[in-house]
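Trainee: sequence isn't available, so here's the structure alone:
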């Protein structure tokens, strides 16, 4: 189960790093033209920041063994983003394209549940700086 979770985590992290990075790099006008439902540009950039932070939250806590409990929280946050993406896609009238955020959301939910209950990451619950000060 651990290997399956790590595989899904890495793939999701790459996906969200790409998607969030594009939202941060592209001009706002180019992003808003591509959306099925018009959204404010600053909101799209906020979502981009959340996606990049969620991607790092999927990988770094387990890799560095610092605050591993953040991984299921990051995955749960990405589930919320994917619920919003599904709703926006369906509101635009494109039912077939809504399958992509649904599948990504389900994979994120799998990681959230898997890292919370099935195969939790083990590591320090305190930052390493605090441990070295003791």
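Mentor: Okay, I see it. These numbers come from a predicted model, not from an experiment.
Trainee: low-confidence ranges, this protein, go.
Mentor: By pLDDT under 70, the low-scoring segments of the chain are 124-134.
Trainee: now do the helices in it.
Mentor: 2-25, 28-34, 41-64, 70-91, 99-113, 128-133 (DSSP state H).
Trainee: so which of those is nearest residue 122?
Mentor: Nearest to residue 122, of all these, is helix 41-64, at 9.2 Å by CB to CB. Backbone N, C-alpha and C define where each C-beta goes, glycine included.
Trainee: and the closest one, what's buried?
Mentor: 41, 44-45, 47-48, 50-52, 54-62 (16 or more other CB atoms under 10 Å).
Trainee: please apply the same query to stretch 108-128.
Mentor: Buried, per 16+ other CB under 10 Å, within stretch 108-128: 108-112, 114-116, 120-121, 123.
Trainee: from those residues, which is closest to residue 33?
Mentor: If you rank these by distance to residue 33 using CB to CB, residue 108 comes first, at 27.1 Å.
Trainee: wait, the closest one sits on residue 80?
Mentor: No: between residue 108 and residue 80 there is no contact under CB atoms under 8 Å: 9.1 Å.
Trainee: dump the buried residues of stretch 108-128 into a markdown table; add distance to residue 91 as well.
Mentor: Formatted as a markdown table, the buried residues of stretch 108-128 follow (distance: CB to CB, whole Å):
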| residue | distance to residue 91 |
| --- | --- |
| 108 | 21 |
| 109 | 22 |
| 110 | 26 |
| 111 | 26 |
| 112 | 25 |
| 114 | 30 |
| 115 | 31 |
| 116 | 31 |
| 120 | 36 |
| 121 | 36 |
| 123 | 41 |
